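> Sequence first, predicted model second:
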Amino acid sequence: MKLILALLAATFLTVSPAKAEPKFGDYPTKMYLKGKPTPPKSVGSVAQFKTRVRNGMKSGANYGGHFSLIEIGCGTSCILAFLIDGRDGRVVDFPLGGEDNYQLQLHYGIDSTLLRAEWMDTSNDKYDTCIRRFYDVGSGNLTMAFESSYKIEPHSFCGQ
């Protein structure tokens, strides 16, 4: 009986290790854009910001080898983002931005398909929790790879 209780206790007390955050080096770019990017299709919200998006693409790809990630300010601690595949001008669905993702900060680079996003969780009135989410664009679409949250002092900023 003691052995059974010990086994049950060990089973319930075993703590599985927390999954580690992804690292940019583990998501290397496999394909780079050669030449100038294809202009995006002017559809949806891209049409409203076509000049800003077009100007943002002039410097070429800046994420995942052939994507242009264009960030546009929309007020205090607010950004909108557009993700354009420079190979064909396809607008990739970007699920973050605007007032729903207060203090959104994006971390990305040309040599990795991983993107890290951080923002303040405004679902409660405490303003003391930040969300950190990782996406991978290696398949051509953004796929969530990992999410965590962490506490901050009330009215502080995420990612500091």
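Received the coordinates, thanks. All of these numbers come straight from a predicted model, not from anything done at the bench. Numbering: from 1, shown residues only.
> Pop out the phi and psi values for residue 50.
phi -60, psi -40 (degrees, to the nearest 10).
> can you pull out the strands in this structure?
67-75, 78-85, 90-92, 105-107, 114-120, 129-136, 143-151 (DSSP state E).
> Ok, which of these comes nearest residue 26?
Proximity to residue 26 (C-beta to C-beta) singles out strand 114-120 among the strands of the chain, at 7.4 Å. Placement of C-beta: from N, CA and C, glycine included.
> Deepest-packed of the strands of the chain, please.
Of all the strands of the chain, strand 114-120 has the most neighbours on average by mean count of other C-beta atoms under 10 Å, namely a mean of 23.
> Give me the helices and strands touching that strand, please.
If you count contacts as 3 or more C-beta pairs under 8 Å, 6 or more residues apart in numbering; DSSP states H and E, strand 114-120 packs onto strand 105-107, strand 129-136.
> Residue ranges in the protein under the pLDDT threshold?
Scanning the chain with the threshold set as pLDDT under 70 gives 1-18.
> Switch the helices and strands packed on strand 114-120 over to a markdown table; also include distance to residue 120.
Conversion of the helices and strands packed on strand 114-120 to a markdown table gives the following (distance: least, C-beta to C-beta, whole Å):
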| stretch | distance to residue 120 |
| --- | --- |
| strand 105-107 | 10 |
| strand 129-136 | 6 |
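> Residue 55: which of the ones you listed is closest?
strand 105-107 (18.0 Å).
> So what touches the closest one?
Identification of contacts with strand 105-107 by C-beta atoms under 8 Å, 6 or more residues apart in numbering yields 69, 71, 79, 81, 96, 115, 116, 117, 118, 119, 158, 159.
> With stretch 78-89 instead?
Taking C-beta under 8 Å, 6+ apart as the rule, stretch 78-89 contacts 33, 37-41, 45-46, 49, 53, 56-57, 60-61, 63, 66-74, 90-94, 96-99, 102, 104, 106, 137, 140, 142.
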